[in-house]
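J.: Structure here, sequence nowhere to be found:
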């Protein structure tokens, strides 16, 4: 079996529909147990012993990710308009008089 290298990473580019070689950046020195991490800023190889717990990373990521940042500009504008319409509807509901108990029977 041929040995594989974590420094040779190929990714499929949806934009060009081709396989492209991705640059892998080393993080730290003396990497004994290499692990690849795919991040928005690129692919890194790190020592697994120095990584934080995956559970902690997941919790931290939930706090840092803005749901609107995952949308395209057009989708973001549509979502903002929907949220503004919902807010206006809630304001209109608050302005309505409460129904009397006799009307509910």
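T.: That came in fine, so what should we check first? All of these numbers come straight from a predicted model, not from anything done at the bench.

J.: Which strands or helices does the helix or strand hosting residue 36 pack on?
T.: With secondary structure defined by DSSP states H and E, residue 36 is part of strand 34-39. Judged by 3 or more C-beta pairs under 8 Å, 6 or more residues apart in numbering; DSSP states H and E, strand 34-39 is in contact with strand 42-47. Using the backbone N, CA and C atoms, a C-beta is placed for each residue, glycine as well.

J.: ok so, going back, from the middle of its chain, how far away would the strand holding residue 36 be?
T.: Strand 34-39 sits 16 Å away from the centroid of its parent chain (C-alpha atoms, centre = their mean, to the nearest Å).

J.: now that strand against strand 42-47, angle please.
T.: Per axes from the mean of the first three to the mean of the last three C-alpha atoms, to 10 degrees, the angle that strand 34-39 makes with strand 42-47 is 150 degrees.

J.: Tell me the strands beside strand 34-39, with direction?
T.: With DSSP bridges as the test, strand 34-39 is paired with strand 42-47 (antiparallel).

J.: and the protein, what are its domains?
T.: For the chain, automatic domain parsing gives the domain ranges 23-64, 70-95.
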